[in-house]
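**Q** No sequence on hand, only this structure:
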Ligand SMILES: Nc1ncnc2c1ncn2[C@@H]1O[C@H](COP(=O)(O)OP(=O)(O)O)[C@@H](O)[C@H]1O
Ligand SMILES: [Mg+2]
């Protein structure tokens, strides 16, 4: 199913890997020319209706394309061609995007108590030095690290990042929330746990609590800028 | 110039009014000039506990709406010349009281009195806002119950936004046998959550209820445990170092609590 086009001066190349297809778009030449060439190439390719949809990564090199152009590519490649674009990979990003990423990857250090009825909201990783009391709540788009007691609610990855984690010196939370997952304390009285973390276990499809040590292999990219870029 | 201290809790029925009456009386016993203000408009109680109900002519709303002078509304205590009460209104419209009105009254009282003790209504609505408006300090009352501690924590959080010193806490209605059985939070649990300084503990004592019914604050009755507890709180307010009462009849039970106990002011 590989379509290897080996002409000179071509601005596009498609290669197959075990994870699907990669479409390389040369970063020279106008976007219009690219679209035209891609349109021509794809017209030679007529998949059957019942063939599975093939995921594709688009590598753009040093080319920057905006949302409208991404949409044009999706429309051209998708549809009857039975491809779907997984990911646009470009070496360049818009300044606004860069600033957002920076915001989201900074660790905010906050030194206070979050008392009943109070909500502490943030973007990026949150390092709280202090307690979250019963009835208090902390929310952030990244990870939540608490040097103190977590008795209330902590919500990590509030924009949908399921890789986010919640760690605390001591936790006996009423709820843990990560992305769109929620887990609550059991109805019976329990002891809290020291130096543990909550994270989503994809296999069990729920939030689990585990020792902090598991993070070094379960969340390798925890400190990485890269992870947040990939997750938007 | 005196100082104004609001007695607050969030939750109702935990002992704000009882504490106001008893701290006020205990301070008067120690020859301080004290004025008590009842801000629980529509549900006034402080006059009853003080046994002064039959003396009320004007109330706080009359003062704010300038139907009388502040001095005319102040009721002198039966027992102490330097202890007075500014009663709440029982029938008037609550909205008559404003934060501005409260500040003005307290400012005026501070010229004459050493301590102005403000009894706050339950809740966190306008009545609460009015009660804390003119206060320099706050004492938060809680009982060893989760819901009461939760509400106290909410109040401490709200007080953080005000120009008020970090509040002190009184744990009221302690029942030692329930704490021992693990049916009530113990003092350490409460202090861990609220993490504010403790200024006193008061056991649940029938003498309190009896005294209230007689219009004689328990602080006047020398021997009962609650009476000593309230007088100890007053002494601590004046800067004395007084160890916490032991809840049992043996000594040393609450030694470990002492390490948390730092006297302010
Ligand atoms: N230490 C105590 N021991 C026994 N009863 C108490 C004690 N403190 C308060 N009470 C009782 O609890 C009830 C509520 O107290 P009150 O001071 O009116 O609370 P609040 O002003 O916070 O609503 C009253 O009946 C009072 O007599
Ligand atoms: Mg009351």
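**A** All right, it came through fine. For clarity, every value in this text was computed on a predicted model and none was experimentally measured. Ligands and ions are numbered 1, 2, ... in the order given.
**Q** pLDDT value on the residue nearest to residue A:176 when sequence neighbours are not counted, please?
**A** Excluding its sequence neighbours, the residue lying closest to residue A:176 (CB to CB, 6 or more residues apart in numbering or on different chains) is residue A:198, at 4.4 Å. For glycine as for every other residue, the C-beta is placed from the backbone atoms N, C-alpha and C. Looking at residue A:198, its pLDDT is 97.
**Q** cool, and residue A:5?
**A** 49.
**Q** one step back: the residue nearest to residue A:176: what's it in contact with?
**A** A:154, A:156, A:165-167, A:171, A:173, A:176, A:178, A:183, A:207-209 (CB atoms under 8 Å, 6 or more residues apart in numbering or on different chains).
**Q** how about it, secondary structure?
**A** Assigned by DSSP: H, G, I helix; E, B strand; the rest coil, the conformation of residue A:198 is strand.
**Q** Burial check on residue 106, number of neighbours?
**A** No chain was given, so I picked chain A. Residue neighbour count, defined by other CB atoms under 10 Å in any protein chain shown, stands at 14 for residue A:106.
**Q** not what I meant, chain B
**A** Around residue B:106 there are 23 residues (other CB under 10 Å).
**Q** That one belongs to a helix?
**A** Yes: applying three-state DSSP, one finds residue B:106 inside a helix.
**Q** Show the buried residues in the contacts of residue A:198.
**A** Among the contacts of residue A:198, those classed as buried by neighbour count (16 or more other CB atoms under 10 Å in any protein chain shown) are A:154, A:156, A:165-167, A:171, A:173, A:176, A:178, A:183, A:207.
**Q** and the residue of chain A nearest chain B?
**A** residue A:115 (3.5 Å; CB to the nearest CB).
**Q** Kindly list the single helix or strand of chain A that scores lowest on mean pLDDT.
**A** helix A:225-230 (a mean of 53; mean pLDDT, DSSP states H and E).
**Q** ok, back up a step: ok, the residue of chain A closest to chain B - contacts?
**A** With the criterion set at CB under 8 Å, 6+ apart, residue A:115 makes contact with A:133, A:135-136, B:153-154, B:156-157, B:160.
**Q** would TSV of those with neighbour count, distance to ligand 1 and secondary structure be doable?
**A** Converted to TSV, those look like this (neighbours: other CB atoms under 10 Å in any protein chain shown; distance: CB to the nearest ligand atom, whole Å; DSSP: H, G, I helix; E, B strand; the rest coil):
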residue	neighbour count	distance to ligand 1	secondary structure
A:133	28	21	coil
A:135	20	20	coil
A:136	25	23	coil
B:153	29	16	helix
B:154	21	15	helix
B:156	25	16	helix
B:157	19	19	helix
B:160	14	21	coil
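**Q** can I get the residues you listed in a markdown table with distance to residue B:64 and pLDDT?
**A** Output for the contacts of residue A:115, formatted as a markdown table (distance: CB to CB, whole Å; pLDDT from 0 to 100):
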| residue | distance to residue B:64 | pLDDT |
| --- | --- | --- |
| A:133 | 36 | 97 |
| A:135 | 34 | 96 |
| A:136 | 36 | 97 |
| B:153 | 31 | 98 |
| B:154 | 27 | 97 |
| B:156 | 28 | 97 |
| B:157 | 28 | 97 |
| B:160 | 28 | 94 |
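**Q** The residues you listed: which two are farthest apart?
**A** Using CB to CB, the contacts of residue A:115 span at most 15.0 Å, a distance reached by A:135 and B:160.
**Q** Just give the closest residue to the closest residue to chain A within the stretch 101-250 of chain B, not the sequence neighbours.
**A** Nearest residue of the stretch 101-250 of chain B to chain A: residue B:157, at 3.5 Å (CB to the nearest CB). Nearest residue to residue B:157 in three dimensions, chain neighbours excluded: residue A:115, at 3.5 Å (CB to CB, 6+ apart).
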